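Asker: Mind folding the following:
(one chain, ligands or ions: 3)
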Amino acid sequence: MTKRCAIWRLSWIIVAALWITQAMAMMGGGGGCMMGCSSGVTVIDPPRGRPFQDPPLAPNLSTTPGVVEVNLEAKVAPVNVNGTVANLQTYNGVFPGPTIRVRRGDTLVINFRNSLPFSGYNMHGYPRNLTNLHTHGLHVSPIGNSDNVMLNFGEGESFQFVYDLSLHPAGNFNFYHPHVHGNAAEQVWAGLVGALEVEDATPMLAGYETHLLVLKDISLSNSAPTLHSNSDFMNGKEGNVVMVNGLVNPVLTMKPGQIQRWKIVNASNARFYKLNLANHNLHVVGTDGGLLDKPYAQSTVLLSPGERVDILVKATTTKGYYKLKALPYNRGAGASANQEITLMTVNVTGSAVSQSLPSSINPSAVRLSVPSNIPVRQLTLRMGMMGGMMGGSMSASINGIVYSDTSAFTLNSTLGGYEIWEIYNQSMMDHPFHQHVNHAQVLAINGGDASYRNLLTTAPAWKDTVIVPAMGSVRLLVPVKDFAGLTVFHCHILEHEDIGMMGLWDIR
Ligand code: CU
Ligand code: CU
Ligand code: CU
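Answerer: Ligands and ions are numbered 1, 2, ... in the order given. Predicted coordinates:
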C-alpha cells in the first residue's frame with residue numbers, strides 16, 4: 001500500500017465513523033436529515049441580479065447540410081461568479097459551456113481538446129486534468145469515436161468525436177460533461193458543463209419564446225472552486241452560490257399573458273431543485289428523452305442532478321415580480337434540505353399578449369405496455385463500509401461491487417429486447433440513477449416526492465435519470481435498442497460515481 005493510499009483509507013474510516021454516529025443519532029431523534037442540516041428553513045433570497053441570459057451558442061463550423069461541427073476546448077479561464085472573478089474549468093473559456101444545437105438525423109462532430117493544466121493528483125489517485133466527454137442523453141453508439149466514456153485524454157490531447165443522430169429522438173434537451181471515473185465530480189464542480197439541444201420535429205411549440213436554464217451551484221475559495229473533502233464524496237458536494245446560466249437571481253422578463261418555454265437542466269453535482277414559481281403553474285411538456293403528449297400542470301417540479309425538464313410557463317396578467325425558487329427538499333444529505341433559494345425572478349411587465357397552452361404536443365408519446373417474459377434485472381445501490389481484503393473503507397457500490405478500473409458489476413444485455421430494471425436503494429440518501437444510451441419509462445417508484453412519482457408513472461415520459469428515493473426503489477422499462485457496446489449506469493451524484501456507484505452495461 002502506498003502512503004497516499006494508506007492516508008486515504010484512514011481518512012475514509014474516520015468519515016465512516018462520523019457517518020455511522022450521525023446516522024444513529026438521526027434514527028434516535030426521528031429527524032429526516034442526514035448531515036449538514038439543522039432544524040428550520042434558511043431563506044436565501046439574493047437581491048435581483050442582472051438580466052437573464054441564455055448560455056452562448058456554439059457556432060456551427062460546418063457548411064455541409066446535416067453536419068454540425070463544433071470545437072470544445074477544456075481549459076481554465078477567469079469567470080465572473082457573482083462578482084468574484086474565479087478560475088473555473090470551462091469549455092471554450094465560458095461558463096456554462098456553449099450550447100450545442102442539433103437536429104435529429106444530423107451528424108455531430110466535436111473537435112475536443114484537453115487544455116487543462118496539470119495540477120497534481122486527487123484523493124482517488126488520478127491526475128486532476130485527465131478528462132473526457134459524455135453527451136448525456138444522446139441515443140447514440142457508446143463505442144469508437146461516439147459517446148465513448150471509456151476514453152481518457154491527458155493534457156494537450158485532441159480527439160474528434162462523431163455522433164450519428166439518425167436514431168436519436170427529436171425535441172429533447174441534454175448536456176455534456178466530463179466522465180473520467182475518479183475525476184467526474186471535481187471537474188463538473190469546477191465548471192465543465194454545457195447544454196446540448198435537439199430541435200423539435202413538431203411545430204407545436206415553435207411559437208413560444210424559448211430559454212435554456214442551466215442550474216449549477218459552486219463554492220469558491222481563493223478565486224477557485226473549493227476542493228473536495230472526504231465527506232463531500234459521501235454526501236455529494238453542494239455550493240453556496242446557486243446560479244442560473246452562471247448568474248445569481250437573474251431577472252427574466254415576460255409580458256402579461258405570455259407563454260415561455262424553459263428547457264432546464266440540473267448540471268449540479270449533488271443539489272436537487274424542487275422548483276416552484278410564485279403564483280404560476282409549471283406545465284411540463286418534456287422530460288429527459290423528449291416531448292410528452294400534452295402539458296402536465298405542476299405546482300412543483302423536482303429535478304435531481306442529470307435530469308432535464310421542458311416546461312411552459314404562462315405569465316399571469318398581473319404585472320410584478322415572481323420568484324422562481326428551489327424549495328427545501330430532503331435528499332438525505334446536504335444543507336439544501338433546509339434551504340429555500342430564489343434562483344431567478346420573473347418580471348411580468350409591458351403590454352399584455354394572449355397566448356394559449358397547446359392541448360396536444362407529441363401524439364407519438366405513449367406509455368408502453370410491458371412485454372411478457374422479459375428479463376428482470378435487480379440493481380442494489382449501497383453506501384457505507386464495504387468489506388475488502390485490506391479492511392473496510394467508505395465507498396459506494398452496485399450489487400455489492402465498488403466500481404474501479406479493474407472491477408465492476410456488469411449487466412449483460414441482448415440488443416433488440418426490453419428489460420425491467422428494479423433498482424433498490426439501500427441507503428439513507430436519494431440516488432439519481434442514470435443509464436447511458438437508452439431512455440426508459442418509469443413503471444413504479446417506491447418512496448420519495450409524490451408529484452415526481454405521479455408524473456413519471458402516469459405520463460408517457462422517457463427518462464435517462466430517475467431518482468431512487470432513500471430506502472426506496474424504482475422499476476424501469478428499458479428498451480435495449482439500436483446500439484451494441486460497453487457502456488455504464490451510475491448514480492449522478494458524481495461524487496458517488498467517483499467512489500464506486502457505477503456498473504458496466506455490456507450490450508451485445
Ligand atoms: Cu450526465
Ligand atoms: Cu448517489
Ligand atoms: Cu454517465
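Asker: Show me the helices in this protein, by range?
Answerer: 3-29, 184-189, 230-235, 450-458, 494-498 (DSSP state H).
Asker: Count the residues that sit near V265.
Answerer: Other residues lying near V265 total 28 when counted by other CB atoms under 10 Å. The way it works is simple: take the backbone N, C-alpha and C, and place the C-beta from them, glycine included.
Asker: from what I can see it touches N172, true?
Answerer: No - using CB atoms under 8 Å, V265 makes no contact with N172, being 11.0 Å away.
Asker: what touches both of those two?
Answerer: R308 (CB atoms under 8 Å, 6 or more residues apart in numbering).
Asker: Let me see the contact set for whichever residue of the chain sits closest to ligand 1.
Answerer: The chain approaches ligand 1 most closely through H136 (3.3 Å), counting by CB to the ion. Shown in contact with H136 (CB under 8 Å, 6+ apart): N174, F175, Y176, H177, L196, G306, H434, H436, D464.
Asker: and the last one, what does it touch?
Answerer: Put plainly, it is D464. Under the criterion of CB under 8 Å, 6+ apart, the contact list for D464 reads H136, G137, D288, G289, G306, H434, Q435, H436, N438, H439, A440.
Asker: nearest residue to the most centrally placed residue in the chain other than its sequence neighbours?
Answerer: What sits nearest the mean C-alpha location of the chain, by CA atoms, centre = their mean, is G306, with 1.3 Å. Leaving aside its chain neighbours, G306 sits nearest to H492 (3.5 Å; criterion: CB to CB, 6 or more residues apart in numbering).
Asker: Over to T210?
Answerer: What sits nearest to T210 in space, not counting adjacent residues and going by CB to CB, 6+ apart, is R261, at 4.4 Å.
Asker: swap in N114?
Answerer: F153 (4.4 Å).
Asker: Isn't that neighbour up against L116?
Answerer: No - contact criterion CB under 8 Å: F153 and L116 do not qualify, at 9.3 Å.
Asker: List the buried residues in the longest strand belonging to the chain.
Answerer: Longest strand in the chain by number of residues (criterion: DSSP state E): strand 67-81. Using 16 or more other CB atoms under 10 Å as the test for burial, strand 67-81 gives V68, E69, V70, N71, L72, E73, A74, K75, V76, A77, V79, V81.
Asker: what pairs with it, and is each one parallel or antiparallel?
Answerer: In the sheet, strand 67-81 lines up against strand 84-91 (antiparallel), strand 107-114 (parallel) (DSSP bridges).
Asker: So the chain: which segments form each domain?
Answerer: 67-204, 206-348, 376-507 (automatic domain parsing).
Asker: beta partners of the residue nearest to T210?
Answerer: Judged by DSSP bridges, the bridge partners of R261 are T210, L312.
Asker: about what we covered before: so for the residue nearest to N114, what pLDDT did the model give?
Answerer: F153 carries a pLDDT value of 98.
Asker: ok now do it, which residues does it touch?
Answerer: F112, N114, L130, T131, N132, F159.
Asker: What subset of these is buried?
Answerer: Neighbour-count burial (16+ other CB under 10 Å) applied to the contacts of F153 gives F112, N114, L130, T131, N132.
Asker: Most widely separated two among these?
Answerer: Pairwise distances across these peak at 13.5 Å for F112 and L130 (criterion: CB to CB).
Asker: Check whether E497 really touches G503, as I assumed.
Answerer: No - E497 lies out of contact with G503 (CB under 8 Å); the separation is 10.4 Å.
Asker: anything in contact with each of these two?
Answerer: Listed as contacting both E497 and G503 by CB under 8 Å, 6+ apart are Y403, H490.
Asker: neighbour-wise, which of the two wins?
Answerer: Neighbours were counted for E497 and for G503 using other CB under 10 Å; E497 has more, 24 against 21.
Asker: Just give me the neighbour total for the closest residue to that one other than its chain neighbours.
Answerer: Excluding its sequence neighbours, the residue lying closest to E497 (CB to CB, 6+ apart) is H490, at 4.4 Å. Burial of H490, expressed as a neighbour count using other CB under 10 Å, amounts to 30.
Asker: what pairs with H490 across the strands?
Answerer: Going by DSSP bridges, H490 forms beta bridges with H434, M502.
Asker: mind listing what it touches?
Answerer: Residues counted as contacts of H490 (CB under 8 Å, 6+ apart) are I398, Y403, F433, H434, H496, E497, M501, M502, G503.
Asker: and if we set it to 10 Å?
Answerer: 149, 179, 181, 184, 306, 381, 396, 398, 403, 431-436, 496-498, 500-505 (CB atoms under 10 Å, 6 or more residues apart in numbering).
Asker: got it, and E69?
Answerer: E69 sits next to 58-63, 107-111, 160, 162 when contact means CB under 10 Å, 6+ apart.
Asker: With E209 instead?
Answerer: L252, T253, M254, K255, Q258, I259, Q260, R261, W262, Q355.
Asker: so where's this protein shaky on pLDDT?
Answerer: 1-39, 385-393 (pLDDT under 70).
Asker: Pull the contacting residues for the residue of it most remote from its centre.
Answerer: Distance from the centre of the chain peaks at S351, with 36.8 Å (CA atoms, centre = their mean). S351 is in contact with K255, P256, G257, counting by CB under 10 Å, 6+ apart.
Asker: That one and N172, how far apart?
Answerer: 34 Å (CB to CB, to the nearest Å).
Asker: To what extent is the closest residue to ligand 2 within the stretch 51-200 of the chain buried, counted in neighbours?
Answerer: In the stretch 51-200 of the chain, the residue that lies nearest ligand 2 is A185 (10.7 Å; CB to the ion). For A185, the count of nearby residues is 25 (other CB under 10 Å).
Asker: ok, it touching E497?
Answerer: Yes - counting by CB atoms under 10 Å, A185 touches E497, with 7.2 Å between them.
Asker: Next, show the common contact partners of those two.
Answerer: Joint contacts of A185 and E497 (CB under 10 Å, 6+ apart) are N269.
Asker: Show me what from the stretch 1-150 of the chain comes close to ligand 2.
Answerer: With CB under 5 Å from the ion as the criterion, the stretch 1-150 of the chain does not come near ligand 2 at any residue.
Asker: returning to what we had before: so among the contacts of E209, which ones count as buried?
Answerer: L252, T253, M254, K255, Q258, I259, Q260, R261, W262.
Asker: Now do the same contact list for T318.
Answerer: T318 makes contact with P256, N279, V348, according to CB under 10 Å, 6+ apart.
Asker: Need the buried ones from the contacts of H136 selected in ChimeraX.
Answerer: With 16+ other CB under 10 Å as the criterion, this ChimeraX line picks the buried residues out of the contacts of H136:
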select :174,175,176,177,196,306,434,436,464
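Asker: can you tell me how far the residue in the stretch 301-450 of the chain positioned nearest to ligand 2 sits from H177?
Answerer: Residue nearest to ligand 2 within the stretch 301-450 of the chain (CB to the ion): H431, separated by 3.5 Å. Going from H431 to H177 by CB to CB gives 18 Å.
Asker: Next, give phi and psi for the closest residue to H139 other than its chain neighbours.
Answerer: Distance criterion CB to CB, 6+ apart; nearest residue to H139, sequence neighbours excluded, is H168 at 4.6 Å. When read as degrees, to the nearest 10, the backbone of H168 gives phi -80, psi 140.
Asker: Make sure H168 is actually in contact with G137.
Answerer: Yes - when contacts are counted by CB under 10 Å, H168 is listed as touching G137 (8.9 Å).
Asker: So if I had to pick from the two, which one is more boxed in?
Answerer: G137 (31 against 25).
Asker: wait, what's in contact with the closest residue to that one other than its chain neighbours?
Answerer: With CB to CB, 6+ apart as the criterion, G137 has its nearest non-adjacent residue at 3.2 Å, and that residue is N174. For N174, the contact set (CB under 10 Å, 6+ apart) comprises 100, 102, 134-139, 168, 194-198, 263, 265, 288-289, 308, 464.
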